[in-house]
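K.L.:
Quick check, what structure comes out for this input:
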Amino acid sequence: CGWSSLEKTVVCDSIPATLGAVINATGAGACYVDGWGHLCHRLGLAAAGTTVIKREIHDLRIASYVLEPSRRGHTLEALLRDRQGLSLPDPESTIRSDRVGLMARKALELGRVLIAEVESAGLDDLYRDMEMPLVPILAAMEARGIGVSIAALEAAGAEFSEKVKLLEGEIYAIAGEEFN
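P.N.:
Residues are numbered from 1 along each chain as shown. Down below sits the predicted model:
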């Protein structure tokens with residue numbers, strides 16, 4: 001994590017075990033995170049369903065998704081590359097603190113821009129009231145998985161296969177021939 005005393009903002013590019021305490025530190029403002037779901041796992045929020053974070057969290061990935069849902073990559077690295085033409089230094093050939101410091105600065109800059117764009121596009125209610133509250137829920141679902149009846153899944157697969165064969169037959173009949 002990076003801490004900007006001037007901005008009173010915590011910026012996280014990774015998720016240390018002590019992050020909850022850092023985020024809740026006196027005077028901390030907004031927190032810009034690359035992957036709130038991962039943070040929920042690390043802090044146990046996904047499993048416990050409790051809120052230990054008392055600060056405003058902004059997830060760069062979620063903000064990017066709200067702005068561009070069809071975009072393929074929403075990671076900090078992809079966003080910096082595509083929006084700023086910046087490639088982050090290779091972790092193997094860079095001093096870790098230099099790389100983390102650069103990522104923290106860029107996450108803060110990008111986070112502010114993304115949130116401003118979300119607000120100016122009129123998507124702040126969607127972002128704040130719909131998407132962000134879902135993140136811990138989806139993180140919990142990912143952590144726990146879901147129960148699946150193998151027999152029901154196999155039956156549904158067989159039913160879908162039959163429907164596909166029927167639809168293919170109808171399409172080939174309309175086309176007058178079979179094709180790839």
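K.L.:
And the helices in the protein, which stretches?
P.N.:
Assigned by DSSP state H, the chain shows helices spanning 19-23, 36-43, 45-48, 60-67, 76-84, 96-120, 124-125, 132-144, 150-175.
K.L.:
Compare those helices and give me the one nearest Ala30.
P.N.:
The closest of the helices of the chain to Ala30 is helix 96-120. By Cβ to Cβ, the value is 7.7 Å. From N, CA and C alone the C-beta is placed, and that goes for glycine too.
K.L.:
what angle separates the closest one from helix 76-84?
P.N.:
For helix 96-120 against helix 76-84, the angle by axes from the mean of the first three to the mean of the last three Cα atoms, to 10 degrees is 60 degrees.
K.L.:
What angle do helix 60-67 and helix 96-120 make with each other?
P.N.:
30 degrees.
K.L.:
same question for helix 96-120, mean pLDDT?
P.N.:
Summarised as a single mean, pLDDT over helix 96-120 is 83.
K.L.:
can you check stretch 170-180 too?
P.N.:
Averaged over stretch 170-180, pLDDT sits at 93.
K.L.:
Show the end-to-end separation of that stretch, please.
P.N.:
Separation of the first and last residues of stretch 170-180 by Cα to Cα, to the nearest Å is 15 Å.
K.L.:
Relative to the whole chain's centre, how far out is it?
P.N.:
Here stretch 170-180 is found 42 Å from its chain centre; the criterion is Cα atoms, centre = their mean, to the nearest Å.
K.L.:
got it, and stretch 63-77?
P.N.:
Taking mean C-alpha positions (Cα atoms, centre = their mean), stretch 63-77 and its chain are 8 Å apart.
K.L.:
rewinding a little: list just the one of the helices of the chain that sits closest to Asp90.
P.N.:
helix 96-120 (8.5 Å).
K.L.:
buried set for that closest one?
P.N.:
Residues of helix 96-120 classed as buried: 99-100, 102-104, 106-108, 110-111, 114-115, 118 (neighbour count, 16 or more other Cβ atoms under 10 Å).
K.L.:
what residue is smack in the middle of the chain?
P.N.:
In the chain, the centroid-proximal residue (Cα atoms, centre = their mean) is Arg61; its distance is 4.1 Å.
K.L.:
distance of it from Pro69?
P.N.:
Arg61 sits 12 Å away from Pro69, going by Cβ to Cβ, to the nearest Å.
K.L.:
What of Glu92?
P.N.:
Distance of Glu92 to Pro69, given as Cβ to Cβ: 34 Å.
K.L.:
Could you check which of those two has the larger neighbour count?
P.N.:
Using other Cβ atoms under 10 Å as the criterion, Glu92 and Pro69 rank with Pro69 on top: 8 against 5.
K.L.:
and the more buried one, what pLDDT?
P.N.:
At Pro69, the model reports a pLDDT of 95.
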